[in-house]
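Trainee: Build me a model:
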Amino acid sequence: MPERILVTGARAPAALDIARSLKAAGFEVHMADCVPARMARWSSAATAVHRHASPVHRPAKFAQDIRRLIDRIDPIAVIPTCEEVFHLAAVAKTDGWSEKLIAPPFETLATLHHKGRFAVLCDELGLPVPDTNVVTDSVGLMREALGADVVVKPAWSRFGSQALIKPDAAALERLRPSPEAPWVVQSRVEGEEVSFYAIAHDGILTAFSAYRSDWRTHGGAAYVFIPLAEPVFERLRAMAQTLARFVRKGQFACDAIVDEACRPWLIECNPRATSGVHLFGRSAALGRALLGRDIARPSPGRWRNGIMLDTFGLGDALRAKRLTAWRDERRLSHDILSAPRDPLPPLGALLDAAGFGLRALASGHGLAEAMTADIEWNGQPLTPALWERP
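Mentor: Model prediction:
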C-alpha cells in the first residue's frame, strides 16, 4: 500500500505540481483547502481533495478539521504550500505532530516572513541585503523614506502588491504604520528581479531552482518562469544553502535583485512553495526531495501560467506592442496547469479565479488580497487557545 501524503493549499498551481510529483514518486496524494479548489479537485493528481475551515475566520474549526483529517488518512507527511503553513505549524506544535510537517518551526517561519527580521537574519549570515529599517509610526516613516531612493512595503505582505518605490509625501501620508502593522523602508537596488525556490532537510538543500520573468502583473507577480543561467544561478544557490542551515526543514523562496555587477541582493523571503516548483517538470525526484529522500534538479525549459498569459499577458502585449514576444512565449513555454492525461485543471482554475474575483468585488479589495485573505498570517498571535473546541 503506498504511503499517504497530505498537501495543503490546494488552490495554488504550485500545490498541483507538487501533487503531480508526489504521485509520480509513487505516493498516494491527498490535498486540502478551505476553498473549493476545483483546479486540484478536477485533476487526476490527487486521490481526494478535502475541505477544511478557514484558519483566519474559524481557527478552532480549522484545527478540528485538520485533526480529523490527519486521524482519518494518517499521512506520513503534511506539506503546506501557501500561508496556511503558519497556522499548521502552530497547531502541529500544540498537538505534537510537528515531525510530520514539512516546514520549520513557527518562530523560524515568522523570521523569514517578516521583511525586517529577514534582513537582520541576512546580515547575521553574511548575505547581501539592502539597508532595511522597520518603522512603526508615521513620524519614523517620513524620516526614513521622504526624499530617499527607497522601497516602502508592509513588513507582513505578499506578491509586492503594496510596495511603493520612492514614494512622495502624499503617498507616505496615506500609510498608517503601527507596532501591530509595521512597514519597512529598504534602499532601492536597481537591476533585474529574480527569484529562487528551495527545499531543505537537515539543513541541506534537496532541491533548488532559480528563475526570472519578462511577464508580470501590475502588482509584480510573475506568470512566466524562465530558468536562470550561470553565474547568477550558482550564486543564488550558495545563498540558499546558507539559509537552509537556518531553515533546517521545509520549503522557502526568496526574491532578489541582480545589480549591474551581476551581484544578487536578497530583498524578501516566502517560507512556502512558489512558482519555482514548476521548473522541476513534475519529476518524481521532486516528490522524493520534499521528504528528504532524493536530490531534485530543475529540468530545462520555460513555463507559463497559460490563463494569465492569455488574459493579462495579451492585454499587456497589445499595449506595449509585444505581440511577437507573446506569441513566442506561448509557443516556447510549457503550461503549468495542463498536463498529459490531466486536461481539466485549466477549466477548474478559471472557475476558481471567478470565485476569487467575486470575493474581491464583495470585499472591495484587490484580487491578490482576496486570494489569500482566508489563510494569510500578518503577525497576529497564534496561541493554543485559538485551537480549542469550536
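Trainee: contacts and neighbour counts: CA atoms only from here.
Mentor: Noted.
Trainee: Can you spell out the domain ranges of this protein, please?
Mentor: Each domain of the chain is listed here as a residue range: 4-103+377-387, 133-187, 190-320, per automatic domain parsing.
Trainee: Take those domains and lay them out in TSV including mean neighbour count and mean pLDDT.
Mentor: TSV is the format used below for the domains of the chain (neighbours: other CA atoms under 10 Å; pLDDT from 0 to 100):
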stretch	mean neighbour count	mean pLDDT
domain 4-103+377-387	21	96
domain 133-187	18	92
domain 190-320	20	95
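Trainee: can these go into a markdown table with extra columns for distance to residue 364?
Mentor: Formatted as a markdown table, these follow (distance: least, CA to CA, whole Å):
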| stretch | distance to residue 364 |
| --- | --- |
| domain 4-103+377-387 | 18 |
| domain 133-187 | 15 |
| domain 190-320 | 17 |
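Trainee: Looking at these, spot the one closest to residue 109.
Mentor: domain 190-320 (6.1 Å; CA to CA).
Trainee: what distance separates the start and the end of that closest one?
Mentor: In domain 190-320, first residue to last residue: 22 Å (CA to CA, to the nearest Å).
Trainee: which residues of the stretch 151-300 of the chain fall in helices?
Mentor: Along the stretch 151-300 of the chain, counting by DSSP state H, counting those that start in this stretch, helices occupy 169-173, 232-247, 284-289.
Trainee: Of all the ones you listed, which one comes closest to residue 24?
Mentor: Among the helices of the stretch 151-300 of the chain, the nearest to residue 24 by CA to CA is helix 284-289 (4.8 Å).
Trainee: Centre of the chain to the closest one, how far?
Mentor: 19 Å (CA atoms, centre = their mean, to the nearest Å).
Trainee: what's it in contact with?
Mentor: Helix 284-289 is contacted by residues 18-19, 21-25, 199, 206-207, 280, 294-297 when judged by CA atoms under 8 Å, 6 or more residues apart in numbering.
Trainee: how about a cut-off of 10 Å?
Mentor: Helix 284-289 is contacted by residues 17-27, 199-201, 205-208, 277, 280, 283, 292-298 when judged by CA atoms under 10 Å, 6 or more residues apart in numbering.
Trainee: same check, this time on stretch 317-331
Mentor: Contacts to stretch 317-331, defined as CA under 10 Å, 6+ apart, come from residues 214-215, 224, 302-306, 309-311, 313-316, 332.
Trainee: how near is the most centrally placed residue in the chain to residue 254?
Mentor: In the chain, the centroid-proximal residue (CA atoms, centre = their mean) is residue 274; its distance is 4.0 Å. In this view, residue 274 and residue 254 are 9 Å apart by CA to CA.
Trainee: Overlap in contacts, these two.
Mentor: Contact criterion CA under 10 Å, 6+ apart; residues shared by residue 274 and residue 254: 195-198.
Trainee: in terms of contact, does residue 336 touch residue 301 like I think?
Mentor: No. With contact defined as CA atoms under 10 Å, residue 336 does not reach residue 301; the gap is 11.9 Å.
Trainee: which neighbours do those two share?
Mentor: Common neighbours of residue 336 and residue 301 (criterion: CA under 10 Å, 6+ apart): 225, 279, 281.
Trainee: wait, what's in contact with the second one?
Mentor: Looking back up the chat, that one is residue 279. Residues in contact with residue 279 (CA under 10 Å, 6+ apart) are 17, 197, 208-211, 225-227, 297-303, 334, 336.
Trainee: Over to residue 109?
Mentor: By CA under 10 Å, 6+ apart, the neighbours of residue 109 are 85-86, 89, 103, 247, 250, 252, 269-272.
Trainee: go on, residue 261?
Mentor: Taking CA under 10 Å, 6+ apart, one finds residue 191 in contact with residue 261.
Trainee: Could you do the one 5 residues further on as well?
Mentor: When contacts are counted by CA under 10 Å, 6+ apart, residue 266 is found next to 118-119, 122, 127-130, 193-195, 236, 239, 254-258.
Trainee: Could you measure from it over to residue 272?
Mentor: In this view, residue 266 and residue 272 are 16 Å apart by CA to CA.
Trainee: show me what contacts the nearest residue to residue 60 once chain neighbours are set aside?
Mentor: Spatially, and ignoring its direct neighbours in sequence, residue 60 is nearest to residue 387 (4.3 Å; CA to CA, 6 or more residues apart in numbering). Residues in contact with residue 387 (CA under 10 Å, 6+ apart) are 55, 58-64, 87, 90-91, 94-95.
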